[in-house]
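Colleague: I would like to see how this sequence folds:
(2 chains)
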Number of protein chains: 2
Amino acid sequence: MARIVALQTHDVRFPTSQSLDGSDAMNPDPDYSAGYVRVRTDAGDGLEGHGFVFTIGRGNDVQVAAFAALEEHLVGRDVEEVLGDLGGVWRELVHDSQLRWLGPEKGIMHMAIGAAVNALWDLKAKRAGKPLWQLLASMTPEQIVDLVDFRYLTDALTRDEALEILRAAEPGRAEREAELLRDGYPAYTTTPGWLGYDDGKLARLCREAVEEGFTLVKLKVGGNLDDDVRRLGIARDVCGPDIRIAVDANQRWDVAEAIHWLEALAPFDLAWIEEPTSPDDVLGHAAIARAVAPMPVATGEHVANRVLFKQFLQAGALHILQLDATRVAGVNENIAILLLAAKFGVPVCPHAGGVGLCEAVQHLAMFDFVAVSGSTEGRVIEFVDHLHEHFVTPVDVHDGRYHAPKAPGAGTEMLPASIAEYSRG
Amino acid sequence: MARIVALQTHDVRFPTSQSLDGSDAMNPDPDYSAGYVRVRTDAGDGLEGHGFVFTIGRGNDVQVAAFAALEEHLVGRDVEEVLGDLGGVWRELVHDSQLRWLGPEKGIMHMAIGAAVNALWDLKAKRAGKPLWQLLASMTPEQIVDLVDFRYLTDALTRDEALEILRAAEPGRAEREAELLRDGYPAYTTTPGWLGYDDGKLARLCREAVEEGFTLVKLKVGGNLDDDVRRLGIARDVCGPDIRIAVDANQRWDVAEAIHWLEALAPFDLAWIEEPTSPDDVLGHAAIARAVAPMPVATGEHVANRVLFKQFLQAGALHILQLDATRVAGVNENIAILLLAAKFGVPVCPHAGGVGLCEAVQHLAMFDFVAVSGSTEGRVIEFVDHLHEHFVTPVDVHDGRYHAPKAPGAGTEMLPASIAEYSRG
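Modeller: Next up is the predicted model:
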């Protein structure tokens, strides 16, 4: 019998602040980092589960320290048993009453659980010889709902309703899987739009994005209104009228300020306004959504858990749900979020970029297409072109689309040389 | 010039799970703990600022590790300058863009900032030779609003509205301070009601509570409905009809379950239902509040920040606001929360118990009475009778009231012998 023998951790930091990649109105100088965890076993098959929390620098050591608190739940356990009941393991970790006090279900401890859960999924997919999206999409509706904790969700989504959604999507699974393998999944790019880039670089990168086949680009806004208007003018000029342009304020505004600012940006026919205010402010987003309609409101990368997503959907406070692979408690909680979105008929356009988020999140979007929502309509996965070279199975994005990964695993494994070169301590 | 020379930390844990003190429906076996931080200076005056995050055991080491991330903001700084601009220091800590990513404004990193901020207030009050409540109540309305960050609050409370609230309370300050020093502040007790206690102990502790002058007692519920009905019957029998009885479900229920359960408890004429569901679920609380009216709904000890409290108030989702001394980012954020409550006319009944929470939170309630709401009507501070002996200035609760602390400081300093005996590592 094989056992889990260690959670090995690394404090991985890339010095991205030097080039202003990733700069926005709230995050002027991020150093893209990963609190990284490896689930090691004594199976002797050479397989490890890899997971991480994306952070932007300082405090990454605290994120790493949190993994040690999970060891007593996982180390020494039978690998088959753990991987055979990831729904049960999720509940055990998230509802550990003493650890729960540190959130509950939010912040460093919740994200640490998410990374550990994702590492277990990576290991399970590698052992199954399948990419994670395909592994998930091969499970029965009953197996999938068993992964989900419906606590605090039942006023919006019950287990039976979730089963109904999954069963309705069952007939077309094989066809959509073939379509995905052939055509891939639509992508959009944020590469041109960082606030730290000058107008020339913005124009050049917009031009390249269109040439590369993207049909939606995203610009950071919220630093200065005149700058935003000028930059959107440049982007619209370069891209032409047929390319969609979204904007992202990274939580910069209060409610009234958001509404005022967006009035000035409305003429640019925006695909969405992302993170107009605090990610905790469901009612604030709802007020902004009402005021700026029909401009769609998007958020999610900083939404702490499924209970907040539930409310955003109940309140009509978001029109595009941007789940994140490492903010919530991993694959299981993201399945709950996909099911909530499907229940409310809201498209999921995952947040990516960062460190390895593109690699991780594509699996969730593809699983959603095959087995949950059954659609790519109005859906795009974010793409940012940096740091992919550090991953064992980097994304394949070309012609404006994510092409489905075929390698076993969850896409979350970093190259040993990169871990070694960029780790601290 | 004196400088801050160190943030010294301790991982303090009391083995409370052995006696089932603190046991409830969600937390069966807490080990009451403190992630403890001391701000040390080279002033040579023997004064230190002490602060802590209350936790219930596992993960307290991660909470302690988070303090190191704050050192670069505080160590080496001029003490006078830091203590002279605690509003500015709060903003610097909470809006450090890289650390903020780990929340934002929630969980381990936010609570660590709260403990550090509270330690700075402890030091400031000691240097001023005043208890914290009196120090705060001696500040002008302008000085008080400068402590508050209104970001994300302005749709509910602007700086000008806060000034108005504080100015309206100015005339009666001296009179209320004298009243407080003479009569103290109303308390209620949770000592009788832990789920782990048997019926005999419950009855005996209820009887003692009434004899000690308490007019409100609180029982834990949510484990088993028949047990709750039986226990409430015992408490009502022992206490008689004139003592108010509140109940606390510690987040045990989903929305429909809460409504169903509370229908069965309504005949006991409850003072409030506390934490019926997830502390993130503003809309869920609002639905429960509508269904169980006129039973008041209370929450707060796990509400992560002022943005969530704002929404609870906007949505009519709570009738009693239970702020916590160590869940949010310290004194400054709690002042924001007191001002929000005053704006919405909702009474604040602070959460206490734990480790040192009674000692800390009394200062906030007393400041509120003197300088913000100007009232104790419908207001009570929770009291639980354990672990006070570990503090340098333990609370003085008798005749059912908190008697105003007169010693300089914020009440947050633990005895050196207790720190030494109960610290790990």
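
Colleague: How is chain A divided into domains?
Modeller: A:4-130, A:171-424 (automatic domain parsing).

Colleague: Would the first one count as contacting chain B?
Modeller: Think domain A:4-130. Yes: between domain A:4-130 and chain B, judged by C-beta under 8 Å from any C-beta of the partner chain, the touching residues are A:26-31, A:55-59, A:61-63, A:65-66, A:68-69, A:72, A:96-111. All C-beta spots, glycine's among them, are computed from the backbone N, C-alpha and C.

Colleague: Show me the shaky parts of the stretch 151-300 of chain A.
Modeller: Within the stretch 151-300 of chain A, no stretch has pLDDT under 70.

Colleague: And the helices in it?
Modeller: All helices of the stretch 151-300 of chain A, identified by DSSP state H, counting those that start in this stretch, fall at A:159-169, A:173-183, A:199-211, A:225-239, A:255-265, A:282-292.

Colleague: if you compare those helices, which one is most tucked away?
Modeller: helix A:282-292 (a mean of 22; mean count of other C-beta atoms under 10 Å in any protein chain shown).

Colleague: which residues touch that helix?
Modeller: Contact with helix A:282-292 is made by A:254-255, A:258-259, A:262-263, A:266, A:273, A:276-278, A:297, A:299, A:308, A:311-312, A:315-319, B:152, B:155, B:282-283, B:307, B:311, B:314-315, as judged by C-beta atoms under 8 Å, 6 or more residues apart in numbering or on different chains.

Colleague: and what of stretch A:391-405?
Modeller: A:131, A:133, A:180-181, A:183-187, A:212-215, A:356, A:358-359, A:362-363, A:365-366, A:381, A:383, A:385, A:388, A:407, A:409, A:411-415.

Colleague: of those, buried ones?
Modeller: Among those, those classed as buried by 16 or more other C-beta atoms under 10 Å in any protein chain shown are A:131, A:133, A:180, A:184-187, A:212, A:214-215, A:356, A:358-359, A:362-363, A:365-366, A:381, A:383, A:385, A:388, A:409, A:411-414.

Colleague: give me the subset of those residues touching chain B.
Modeller: Near chain B, judged by C-beta under 8 Å from any C-beta, there are no entries from these.

Colleague: of all of chain A, which residue lies closest to chain B?
Modeller: Taking C-beta to the nearest C-beta as the measure, the point where chain A comes nearest chain B is residue A:107, at 1.4 Å.

Colleague: Could you pull up the residues touching that residue?
Modeller: Each residue near residue A:107 by C-beta under 8 Å, 6+ apart is listed here: A:304, B:102-103, B:106-110, B:304.

Colleague: from those, which single one is nearest residue A:42?
Modeller: Closest to residue A:42 out of the contacts of residue A:107 is residue B:108 (31.7 Å), distances taken as C-beta to C-beta.

Colleague: Could you pull up the residues touching the closest residue to residue A:56 other than its chain neighbours?
Modeller: With C-beta to C-beta, 6 or more residues apart in numbering or on different chains as the criterion, residue A:56 has its nearest non-adjacent residue at 3.6 Å, and that residue is residue A:30. Contacts for residue A:30 (C-beta under 8 Å, 6+ apart) come out as A:16-17, A:22-23, A:56-57, B:97-98, B:101.

Colleague: Just give me how far the helix or strand hosting residue A:363 sits from the chain centre.
Modeller: According to DSSP states H and E, residue A:363 maps onto helix A:357-367. Averaged C-alpha coordinates place helix A:357-367 at 7 Å from its chain's average position (C-alpha atoms, centre = their mean, to the nearest Å).

Colleague: Now do it, average pLDDT.
Modeller: For helix A:357-367, the mean per-residue pLDDT is 98.

Colleague: likewise stretch A:130-148?
Modeller: Mean predicted confidence for stretch A:130-148 is 98.

Colleague: Quick check: end-to-end length of it?
Modeller: End-to-end distance for stretch A:130-148, by C-alpha to C-alpha, to the nearest Å: 21 Å.

Colleague: contacts for it?
Modeller: Against stretch A:130-148 from outside (C-beta under 8 Å, 6+ apart): A:86-87, A:90, A:121-122, A:124-125, A:128, A:159, A:162-163, A:166-167, A:170, A:173, A:177, A:331-332, A:335-336, A:339, A:362-364, A:366-367, A:370-371, A:404-411.
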